[in-house]
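>>> what follows is a predicted structure for the sequence shown.
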Amino acid sequence: MQRAGEVVLGIDLGTTATKVVAVDGALRPVSTVERATPLRSTPDGAAVHNPEAVLGAVIEAVRESAAACARHGHTVSGLSFSAALHTLLALDASGAPLTPALSWADTRSADVARRLRADGAGGEELHRATGTPVHPMTPLTKLAWFGAREPGLARRAAVWCGLKDYVLSMLTGRLVTDLSCASATGLMNMHTTDWHPPALEVAGVSAGRLPELVPPTAVFALCSEPAAVLGLPSGLPVVAGAGDGPLANLAVGATAPATAALSLGTSGALRVVRDRPGVDEQCRVFCYYLADGLWVLGGAVSNAGVVAQWAADSFGGVDVADLLNEAAEVEPGAEGLVALPHLLGERAPWWDPDARGALIGLRRGHGRAHMTRALIEGVGQQLALVRDSMPTAGAPVSTVRATGGALRSPLWAEVMAAALDMPLEIIDDAAGSGHGAALLGRRALGGLPTLTSAPVQAEARAHRTVFPDPVAARQMAAARPLTEQLYRLLRAAH
């Protein structure tokens, strides 16, 4: 068991920052250190990280966190990782990067995804086998894109891996992929937890050029050279870790059946944990591995808080908070204005990078407050459509634990509660997936009996609960079929 003075450092490799969260024996975060890891984007759809810069950020943040823990009398008993899903980079035979690390936001493989999705049966077959939607976010489509666009580079690559895999290899000397991150590549069969031959054929890669698959709780030893740089003992346990989405459920205590985690920031997601893999018949949701036989089923939406920022920018650069306060004065339903908030294409439940946004029913009496409210209600409808897909996959939702910066706005919280028609238990979880990584680390190191244990649930306490307005909930439920119909009509028109 972990002693009271010991902490596990959860290292979260996020899309825009690396965060290191120290979690004590009471499962509470005691410190957080953050380093920016900028995402470089270009007009052709690239969205990449410099893997060596990310490694440098990890080293700086862990070193600072370890020093702070030492000053406060805490002993670091292990490291554990979280990572943004769907990353991909190539390494040469020496383990050095040949490419930047492509992030989930890289859309250059969109043509590959379109082709696979046009073959309806083939695309759905891959989705049902791997649990991962056919979408340009995935390493499956990125690998096929590399093979077509840069065949020479594809041939030179000794191995293809995720960004976390590279960082872990630099610290431990072991190049492995955990089953959680692997389950979101589109390359792993979720029923066998091994690489999926039909997916490998589509991607144009052999299993021998992918890392060894290991459980998220696999433990390795910190090598002496990085240990000296970090100020930590050589041989310190390093836990492979998992994907950031599944670990977010763990961090907020949403691991019990029918308890969903709602994340709402620039983008959003709704996920629920269950004890078996599988997706719905219509392939609207994903299914990714957490650990210990637990799977996370749900969907991510590309458009959440970004729609309010877009509105604020578009209406003359007004302050977002002021605009949200204006929109809160508009009655639910925005006086008949309906929005499809697909400013950045859309992921769940459509998995359509070409989805377009729209405002339907616009009249002279509508102003910026109506449009803003309609956009926010459109986000709520999108997440409700994800929730509606879950029961058909055997994962009903009865409770929602919610986190994210957008929920600091009363309007966002009220609209989400109405859209889902259930109370939102809002959790103060500033530590995020880094906290989840540390909890997973404690499980791997023997300090936590199960990932669904009472201590995990008890520590993630709601600091407020937002109840749905019954009138608004009825209005949104009645309008949801129209939202889906409008998406299909607009999709057919372009």
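The structure has been received and is ready for your questions. Numbers count the residues shown, from 1 in each chain.
>>> can we go C-alpha only for contacts and neighbour counts from here?
Will do.
>>> which residues touch Pro391?
By C-alpha atoms under 8 Å, 6 or more residues apart in numbering, the residues touching Pro391 are Val397.
>>> pLDDT score assigned to it?
pLDDT, Pro391: 95.
>>> need the strands for the stretch 51-200 of the chain, in chain order.
Along the stretch 51-200 of the chain, the stretches classed as strands by DSSP state E, counting those that start in this stretch are 75-83, 89-91, 101-102, 159-161, 176-178, 188-189, 194-195.
>>> gap between the third one and the chain center?
Centroid displacement of strand 101-102 relative to its chain, using C-alpha atoms, centre = their mean, to the nearest Å, is 16 Å.
>>> contacts for that strand next, please.
In contact with strand 101-102 (C-alpha under 8 Å, 6+ apart) are residues 46-51, 87-89, 162-163.
>>> from those residues, which is closest to Ala311?
Ala47 (23.7 Å; C-alpha to C-alpha).
>>> who's in contact with that closest one?
Shown in contact with Ala47 (C-alpha under 8 Å, 6+ apart): 39-41, 102-107.
>>> what would those residues look like in CSV with pLDDT and distance to Arg174?
Rendered in CSV, the data for the contacts of Ala47 read as follows (pLDDT from 0 to 100; distance: C-alpha to C-alpha, whole Å):
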residue, pLDDT, distance to Arg174
Leu39, 95, 26
Arg40, 96, 28
Ser41, 96, 30
Leu102, 98, 21
Ser103, 97, 22
Trp104, 96, 24
Ala105, 95, 27
Asp106, 97, 27
Thr107, 96, 30
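>>> bridging residues for Leu9?
Taking DSSP bridges as the rule, Leu9 bridges to Ala22, Leu79.
>>> now for it: which residues touch it?
20-23, 62, 76, 78-80, 438.
>>> switch to 10 Å and redo it
Taking C-alpha atoms under 10 Å, 6 or more residues apart in numbering, we find Leu9 in contact with 19-24, 29, 31-32, 62, 65-66, 69, 76-81, 238, 434-435, 437-439, 441-442.
>>> between the contacts of Ala47, which is closest to Ser453?
Nearest to Ser453 among the contacts of Ala47, counting by C-alpha to C-alpha, is Trp104 at 31.6 Å.
>>> is it correct that that closest one is in contact with Leu85?
Yes: contact criterion C-alpha atoms under 10 Å: Trp104 and Leu85 qualify, at 6.8 Å.
>>> among the two, which residue is more densely surrounded?
Between Trp104 and Leu85, counting by other C-alpha atoms under 10 Å, Leu85 is the more crowded of the two (29 against 20).
>>> pLDDT score assigned to that one?
We have a pLDDT of 97 for Leu85.
>>> distance-wise, check it relative to Val238.
Using C-alpha to C-alpha, to the nearest Å, Leu85 is found at 19 Å from Val238.
>>> before we move on, what about Arg276?
Arg276 sits 27 Å away from Val238, going by C-alpha to C-alpha.
>>> quick one: contacts for Arg443?
Neighbour list for Arg443: 1, 217, 239, 291-292, 437, 449-451 [criterion: C-alpha under 10 Å, 6+ apart].
>>> quick check: the farthest pair among these?
Pairwise distances across the contacts of Arg443 (C-alpha to C-alpha) peak at 19.6 Å, for the pair Met1 and Ala291.
>>> so for the two, which sits in the more crowded spot?
Ala291 (23 against 11).
>>> next one: phi and psi at that one?
Here is the backbone geometry of Ala291 (degrees, to the nearest 10): phi 180, psi 170.
>>> separation between it and Thr255?
Computed as C-alpha to C-alpha, the Ala291 to Thr255 distance reads 11 Å.
>>> what do these two both touch?
Common neighbours of Ala291 and Thr255 (C-alpha under 10 Å, 6+ apart) are 246-247, 275, 451.
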